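Asker: could you look at this predicted model? Sequence included:
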Amino acid sequence: MKTKRELIIVGDRVLIEPDEKVDKTGAGLFLPPTVKEKDKIMCGRIVKVGPGYPVNDPSVILEEPWKQRNTEAIKYIPLQAQEGDYAFFLKDASLEIEFEEKKYLIVPHSALVALIRTQLLEDEDDRRF
């Protein structure tokens with residue numbers, strides 16, 4: 001029987017593939033691992049994003065806790081981060097995991113400091129045709 005494993009990110013967290021290439025300064029000097037360990041900010045590519053911050057909906061009334069809940073009734077405020085963004089985040093807030101032999105970091109959305117989002121722009125020459 002075939003199985004498929006999927007990593008699901010919950011709540012206001014993001015899954016980041018850390019950027020291990022950041023090991024030299026702008027002048028081209030290589031940084032030893034001891035210097036990188038002291039950094040407070042890390043960066044990497046966002047791979048997955050959780051659904052967001054759950055919102056209490058007064059129209060959803062939970063009766064007895066043993067009854068099945070309608071999970072579609074739960075509403076979320078979406079996160080600003082998106083899959084594919086390059087993120088700068090606080091290193092101390094991250095949690096390192098390994099999934100299918102790859103190293104990832106789980107970071108709460110509140111620990112993100114900045115995002116770089118790449119967008120493709122339409123070239124003026126392409127619009128004429």
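Answerer: Everything's here; your move. Since the structure is predicted, the reported quantities are computational estimates derived from the model, not experimental observations.
Asker: residues in contact with Val55?
Answerer: 75-77 (CB atoms under 8 Å, 6 or more residues apart in numbering). Where you see a C-beta, it was placed from the backbone N, CA and C, and this is true even at glycine.
Asker: cool, and Val14?
Answerer: By CB under 8 Å, 6+ apart, the neighbours of Val14 are 46, 48-50, 79, 81, 87, 106-109, 112.
Asker: and the contacts of Val55, which of them are in strands?
Answerer: Under the assignment DSSP state E, the contacts of Val55 contribute 75-77 to strands.
Asker: just the residues you listed now: which is nearest Lys4?
Answerer: Taking CB to CB as the measure, Tyr76 is the one of these closest to Lys4, at 24.6 Å.
Asker: let me see the contact set for the nearest residue to the closest one once chain neighbours are set aside.
Answerer: Spatial nearest neighbour of Tyr76, chain neighbours left out: Gly52 (3.8 Å); criterion: CB to CB, 6 or more residues apart in numbering. Contact analysis of Gly52 by CB under 8 Å, 6+ apart lists 11-12, 76-79.
Asker: again, 7 Å this time
Answerer: Going by CB atoms under 7 Å, 6 or more residues apart in numbering, Gly52 touches 12, 76-79.
Asker: try His109
Answerer: Here His109 is in contact with 12-14, 79, 81 (criterion: CB under 7 Å, 6+ apart).
Asker: mind putting the residues you listed into CSV with secondary structure?
Answerer: Formatted as CSV, the contacts of His109 follow (DSSP: H, G, I helix; E, B strand; the rest coil):
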residue, secondary structure
Asp12, coil
Arg13, strand
Val14, strand
Leu79, coil
Ala81, coil
